[in-house]
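Trainee: The sequence and its predicted three-dimensional model are supplied below.
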Amino acid sequence: MSDKYETLKRMDHTHVWHPFTQMQEWMGEDPCIIAGGEGSYLIDVDGNRYLDGVSSLWCNLFGHRRPELDQALKAQTDRIAHSTFLGLSHVPGIELAARLAAMAPAGLTRVFYSDSGATAVEVALKLAVQYWQLLGQTQRTLFARLEESYHGDTVGAMSVGYSDLFHHFHRDLLFPALAVKPPHAYQREQGLSEAEAMERSVAEARDTVGREKDRLAAFIMEPVMQGAAGMWPQPAGYVKAIRDICKENGVLFIADEVATGFGHTGRMWACEHDGVSPDLMCVGKGITGGYLPLAATFATEEIFAAFLGEYGEFKSFFHGHTYTGNPLACAVALAGLDIFEREALMEKVPAKIASLEERLGNDVLTLPHVREIRRRGFMTGMELVKDKERGERYDPDVRIANQVVLEARRRGVIVRPLGDTLIMLPPLTISDAELATLVEVVRDSIRHVTERS
Ligand SMILES: Cc1ncc(COP(=O)(O)O)c(C=O)c1O
């Protein structure tokens with residue numbers, strides 16, 4: 001390792017506190033320190049290259065250092081880097097809102113910017129509650145959610161995405177939310193078939209929402225794929241069933257498309273698979289192609305209209321962040337939407353997904369310690385077990401997926417662990433040769449680690 005690496009490592013170990021990381025462990029390891037990127041690859045300070053198999057936490061859509069995005073960023077810095085969206089507007093913020101509204105599911109005409117997926121969720125929750133207050137239904141402050149959902153790490157987002165493992169220290173800070181078991185939980189816990197599990201989950205949602213319809217502000221869910229809890233796909237028709245239950249009971253439906261949006265499930269929005277339009281929709285991650293922190297909450301004109309009135313009525317949505325709608329981020333996002341259009345990206349995605357499916361089926365699912373592959377589009381979770389026949393899990397202390405992640409990194413590929421599940425979500429523009437390398441390295445790393453564990 002170079003002197004530069006050693007110096008940076010010492011500084012990191014002395015001063016940095018990394019997210020979702022046991023720092024005691026981290027400080028005993030050699031971190032991978034990224035200094036550059038090129039296409040689907042990350043490059044560390046010593047020049048080693050790694051295929052970015054998780055698209056830098058699911059946000060890089062078009063590869064690193066895309067000339068068009070670099071150029072849009074530079075051009076915007078020649079104009080202005082930042083001016084506030086409070087009391088002023090700006091060119092890229094306006095243009096992006098119009099472009100996003102034009103491509104959003106039907107009826108989502110308004111765009112409220114923020115800076116991360118979690119803040120987009122906070123905005124949706126606060127909009128939903130205030131909407132009902134403005135309509136005089138002041139008792140509607142409750143949310144329904146899916147078990148094992150993830151909506152971010154701010155207090156409101158944690159409240160609707162509660163995970164005992166991650167959030168129990170902050171439990172007293174959270175507001176209550178009604179949890180509905182998603183189909184995968186019924187399958188897993190009660191051994192039901194997919195159809196039976198779907199039926200049970202929908203029935204539970206119907207009961208819960210029906211019983212509490214006068215107190216519920218909204219139902220929030222990650223449509224089609226519950227990502228961060230371990231890649232748990234929902235059966236076709238599930239999103240529509242929940243949406244319909246909300247409609248029947250007059251409850252708002254919030255789709256959190258922070259992970260699923262911008263093509264990750266094979267459609268631009270996961271809601272499209274079921275032909276569903278939410279009342280509120282949260283997006284983030286890929287909105288700037290993985291360049292800059294930007295997020296947005298979409299709302300219908302009906303919700304927007306409830307907030308209109310004379311200033312003195314104080315109906316305004318008193319919410320905002322300093323960098324809300326940052327012009328650099330908006331300019332890059334616009335360039336990203338141009339790439340979607342110019343390259344007809346969504347038309348090319350099905351072939352890549354088919355190739356990914358075939359490779360995973362042939363090379364990975366056939367391995368003796370891979371229990372199942374859970375996938376929708378590019379969003380992929382590969383669950384590892386000690387004994388496939390008996391479904392026996394590895395001892396958690398073995399940290400099997402983490403071992404595979406480290407082995408894959410040694411072989412030049414970045415993937416992530418989630419418990420015993422390996423997570424993969426490559427950039428939309430990954431080439432077929434790169435996809436082949438990604439799957440081969442994952443296969444070889446799983447084989448290598450499981451043969452000696
Ligand atoms: C569905 C979903 N919602 C919200 C978030 C939070 O996004 P951020 O990390 O940008 O706050 C995530 C992050 O993984 C997510 O997957």
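Mentor: Happy to help now that I have it.
Trainee: Using the record's assignment, carve the protein into domains.
Mentor: What automatic domain parsing lists as the domains of the chain is 32-65+345-452, 68-342.
Trainee: How is residue 316 assigned, secondary-structure-wise?
Mentor: Three-state assignment for residue 316 (DSSP: H, G, I helix; E, B strand; the rest coil): coil.
Trainee: Would you confirm that it contacts residue 306?
Mentor: No: with contacts defined as C-beta atoms under 8 Å, residue 316 does not count as touching residue 306, sitting 11.5 Å away. C-beta here means a position set from N, CA and C on the backbone, and glycine is covered the same way.
Trainee: With neighbour numbers in mind, choose between the two.
Mentor: More neighbours surround residue 306 than the other of residue 316 and residue 306, with 18 against 11 (other C-beta atoms under 10 Å).
Trainee: doesn't residue 137 make contact with that one?
Mentor: No: using C-beta under 8 Å, residue 306 makes no contact with residue 137, being 10.8 Å away.
Trainee: What are the buried residues along the lengthiest helix in the chain?
Mentor: Looking across the chain with DSSP state H, the single longest helix is helix 432-452. Neighbour counts over helix 432-452 (16 or more other C-beta atoms under 10 Å) mark 434-435, 437-439, 441-450 as buried.
Trainee: need the helices for the stretch 301-450 of the chain, in chain order.
Mentor: For the stretch 301-450 of the chain, applying DSSP state H, counting those that start in this stretch gives helices covering 301-306, 327-342, 345-359, 400-410, 432-452.
Trainee: As CSV, could you dump the C-alpha coordinates of the longest one?
Mentor: Once side chains and other backbone atoms are set aside, the C-alpha atoms of helix 432-452 remain, and they are given as CSV (Å, rounded to 0.1, in the frame of the first residue of the first chain):
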residue,chain,number,x,y,z
ASP,A,432,-23.1,-7.2,-20.7
ALA,A,433,-19.4,-8.0,-20.3
GLU,A,434,-19.4,-6.1,-17.0
LEU,A,435,-22.5,-7.9,-15.9
ALA,A,436,-20.8,-11.2,-16.7
THR,A,437,-17.8,-10.3,-14.6
LEU,A,438,-20.0,-9.1,-11.7
VAL,A,439,-21.9,-12.4,-11.6
GLU,A,440,-18.8,-14.5,-12.1
VAL,A,441,-16.9,-12.8,-9.3
VAL,A,442,-19.9,-13.1,-6.9
ARG,A,443,-20.3,-16.8,-7.8
ASP,A,444,-16.6,-17.5,-7.2
SER,A,445,-16.5,-15.4,-4.0
ILE,A,446,-19.5,-17.3,-2.6
ARG,A,447,-18.0,-20.6,-3.6
HIS,A,448,-14.6,-19.7,-2.0
VAL,A,449,-16.1,-18.5,1.3
THR,A,450,-18.8,-21.1,1.7
GLU,A,451,-16.4,-24.0,1.0
ARG,A,452,-14.3,-23.1,4.0
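Trainee: pLDDT (mean, whole number) over that helix?
Mentor: Mean pLDDT, computed over helix 432-452, is 97.
Trainee: Between helix 345-359 and it, find me the angle.
Mentor: 30 degrees (axes from the mean of the first three to the mean of the last three C-alpha atoms, to 10 degrees).
Trainee: So what's the gap between helix 432-452 and the chain middle?
Mentor: Relative to its chain's centre, helix 432-452 lies at 24 Å (C-alpha atoms, centre = their mean, to the nearest Å).
Trainee: who's in contact with it?
Mentor: Contact with helix 432-452 is made by 40, 51, 53, 352, 355-356, 359-360, 363-364, 367-370, 382, 384, 400, 403-404, 407-408, 411-413, 415, 422, 424, 426, 430, as judged by C-beta atoms under 8 Å, 6 or more residues apart in numbering.
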